[in-house]
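>>> Just to be clear, the model below is a prediction. Sequence and coordinates:
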Amino acid sequence: MTVRRVRYYFYLKDVLVLSLTAFGGPQVFLAMVIDIMVNRRRYITEKDLIELNALCQVLPGPTSTQTICAIGFRIGGPLLAYLSLIVWILPATILMIATAFLIEYLQENTPGALNFAKFIQPMAIGYIIFAAQVTIRKMIHTIEAAVLMMIAAFVAFFYNSPFIFPVMLVVGGLVTTHNYNKQPVVEEKSSIKIEWGNFVLWGGVLVTAAVLGHYTRFLPVRLFENFYRNGSLIFGGGQVLVPYLYTEFVEFKNYLSSEEFLTGYAISQSIPGPTFSISSYIGALSMREWGIPGMVVGGLVAAAGIFLPGTFLIFFVVRFWDELKKYRPVRAALEGINAVSCGMLMAAAYLLFEPLENNFFNIMAIIGTYALLQFSRIPSPFIIVLGVIAGIGYQWVVKWIGLGI
């Protein structure tokens, strides 16, 4: 076995370990990558890893997935990068497709089956509120950014069409480019040499999927285009993805109910791997009328659609990022893009709460979840398990009362 193949094997094995054990969001993920891939294996230096991760954070798409692929690209080129992508997303994709099967089976065979999720549905909103707080604290540092965030939240409240989101992102970036003179000057700028192959691939897939979806009206193709478009526009991670997907698939297209969406989102927070895996759950339920094969196809198509654009873009940008980031208008535009993303996240909390009953149990579930995330060290999966146990217990209590026990 060659040295390269040995290195491929060890790297893919380490990616698989991460995909099965990386609970707790991007901060925990980065710490695990440093431990496994920097300290133990020495695939990359910590400085290079931090820079790659920062680059992935300012690109649209799933940051953790792009980071894994970028490291694989540095080690073994495109082949290892694509293999890394498959190994990283497959476990979470399978789990979320299985979750879609479970939810659909329970609803078909057990009336009121989603009552077990009575508490984890509002708990999902607690997760979003906590994510919004963390994201805002990290990304909003000026009055202008705060104003942009509030305007974006206001627009998303009242004009929650999926087509308004990319427009707001572009406008936000343009608004803050005038602050380029506040960015530190980087000397020794050299000419940027751009290899356009992966960008053409990214744009070509987007246009082809849109055209085919429009003219064929074939649901798997349209789903791929929907998720590919969303994956091309999401700045800020999996939490920012939520308002996009909720608006498009629940409110705009009615492929899922609000209860199904919230249940899936909460469960996605309790499994390891990429948070974008909720897309597989949505894709599977969107094709439930096609039966079991259709749900499998829907889940896989959604996974391909949501993860591929970020992969293409990181391969495109990583080659010239070191030179591009020296230009101050580029760095200034990121402030506006991040501010708009935060505004969308604020709107998501409201939009997801609106369909729920405004009662004591839901309010306490939201507050309790937020408090546990903010003030305790209880791992996220255990919080979801507590919610499921509480929902099952509530069902039994209601049943006993109804029977006069």
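Alright, I've got the coordinates.

>>> mind listing the helices in the stretch 201-350 of the chain by residue range?
Here the stretch 201-350 of the chain has its helices, by DSSP state H, counting those that start in this stretch, at 219-231, 238-245, 258-268, 278-286, 291-317, 321-324, 328-353.

>>> got it, and the stretch 51-200 of the chain?
Under DSSP H, counting those that start in this stretch, the stretch 51-200 of the chain gives helices at 63-109, 120-139, 143-158, 164-176, 197-216.

>>> and the ones you listed, which is most packed in?
Comparing those by mean neighbour count (mean count of other C-beta atoms under 10 Å), helix 120-139 comes out on top with a mean of 22. Where C-beta positions appear, they are placed from N, C-alpha and C, glycine not excepted.

>>> out of the helices of the stretch 51-200 of the chain, nearest to residue 262?
helix 120-139 (4.0 Å; C-beta to C-beta).

>>> Next, the angle helix 258-268 makes with that closest one.
Following axes from the mean of the first three to the mean of the last three C-alpha atoms, to 10 degrees, one obtains 60 degrees for the angle between helix 120-139 and helix 258-268.

>>> can you give me the angle helix 120-139 makes with helix 328-353?
Orientation of helix 120-139 against helix 328-353 (the same axes, to 10 degrees) gives an angle of 160 degrees.

>>> Looking at residue 152 now. What's its pLDDT?
We have a pLDDT of 86 for residue 152.

>>> From residue 340, how far off is it?
Taking C-beta to C-beta, to the nearest Å as the measure, residue 152 falls 4 Å from residue 340.

>>> related to what we said a few turns ago, mind giving me a markdown table with the helices of the stretch 51-200 of the chain and columns for distance to residue 288?
Shown next, in a markdown table, are the helices of the stretch 51-200 of the chain (distance: least, C-beta to C-beta, whole Å):
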| stretch | distance to residue 288 |
| --- | --- |
| helix 63-109 | 5 |
| helix 120-139 | 19 |
| helix 143-158 | 28 |
| helix 164-176 | 26 |
| helix 197-216 | 19 |
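
>>> which stretch among those comes nearest residue 331?
helix 164-176 (9.7 Å).

>>> Pull the residues that contact the closest one.
By C-beta atoms under 8 Å, 6 or more residues apart in numbering, the surrounding residues in contact with helix 164-176 are 144-145, 148, 152, 155-156, 233, 235, 243-244, 247, 332-337, 339-341, 343-344.

>>> Can you give me the end-to-end span of stretch 18-34?
11 Å (C-alpha to C-alpha, to the nearest Å).

>>> any low-confidence regions in the stretch 201-350 of the chain?
Applying pLDDT under 70 to the stretch 201-350 of the chain picks out residues 235-240, 321-326.

>>> pLDDT score for residue 169?
As predicted, residue 169 sits at a pLDDT of 76.

>>> From residue 91, how far off is it?
Relative to residue 91, residue 169 is positioned 31 Å away (C-beta to C-beta).

>>> Of all the helices of the stretch 201-350 of the chain, which one is nearest residue 103?
Of the helices of the stretch 201-350 of the chain, nearest to residue 103 by C-beta to C-beta is helix 258-268, at 6.2 Å.

>>> And that closest one, how far out from the chain middle?
14 Å (C-alpha atoms, centre = their mean, to the nearest Å).

>>> picking that back up, worst mean pLDDT among the helices of the stretch 51-200 of the chain?
Between the helices of the stretch 51-200 of the chain, the one with the least mean pLDDT is helix 120-139; it has a mean of 76.

>>> For that one, name the packing helices and strands.
Under the contact criterion of 3 or more C-beta pairs under 8 Å, 6 or more residues apart in numbering; DSSP states H and E, helix 120-139 touches helix 238-245, helix 258-268, helix 328-353, helix 360-375, helix 380-403.

>>> CSV for those, including mean neighbour count and distance to residue 201?
CSV is the format used below for the helices and strands packed on helix 120-139 (neighbours: other C-beta atoms under 10 Å; distance: least, C-beta to C-beta, whole Å):
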stretch, mean neighbour count, distance to residue 201
helix 238-245, 25, 22
helix 258-268, 24, 28
helix 328-353, 23, 22
helix 360-375, 16, 39
helix 380-403, 15, 35
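
>>> JSON lines please, covering the ones you listed and showing distance to residue 130.
Listed next are the helices and strands packed on helix 120-139 as JSON lines, based on distance: least, C-beta to C-beta, whole Å:
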{"stretch": "helix 238-245", "distance to residue 130": "9"}
{"stretch": "helix 258-268", "distance to residue 130": "13"}
{"stretch": "helix 328-353", "distance to residue 130": "10"}
{"stretch": "helix 360-375", "distance to residue 130": "4"}
{"stretch": "helix 380-403", "distance to residue 130": "10"}
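
>>> looking at those, which is closest to residue 46?
Proximity to residue 46, assessed across those by C-beta to C-beta, is greatest for helix 328-353 (22.5 Å).

>>> Now do the closest one against helix 360-375, angle only.
150 degrees.

>>> if we can go back for a sec, mind checking the helices and strands packed on helix 120-139 for the one nearest to residue 135?
With C-beta to C-beta as the yardstick, what comes closest out of those is helix 328-353 (5.6 Å).

>>> Does residue 247 touch residue 351 like I think?
Yes - look at residue 247 against residue 351 with C-beta atoms under 8 Å: they come within range, at 7.2 Å.

>>> can you put the helices of the stretch 201-350 of the chain in TSV and add distance to residue 208?
Shown next, in TSV, are the helices of the stretch 201-350 of the chain (distance: least, C-beta to C-beta, whole Å):
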stretch	distance to residue 208
helix 219-231	9
helix 238-245	21
helix 258-268	29
helix 278-286	19
helix 291-317	12
helix 321-324	27
helix 328-353	26
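
>>> what's the closest of the ones you listed to residue 39?
helix 291-317 (23.4 Å).

>>> which secondary structure elements does the closest one contact?
Using 3+ C-beta pairs under 8 Å, 6+ apart: helix 291-317 touches helix 46-58, helix 63-109, helix 197-216, helix 219-231, helix 278-286.
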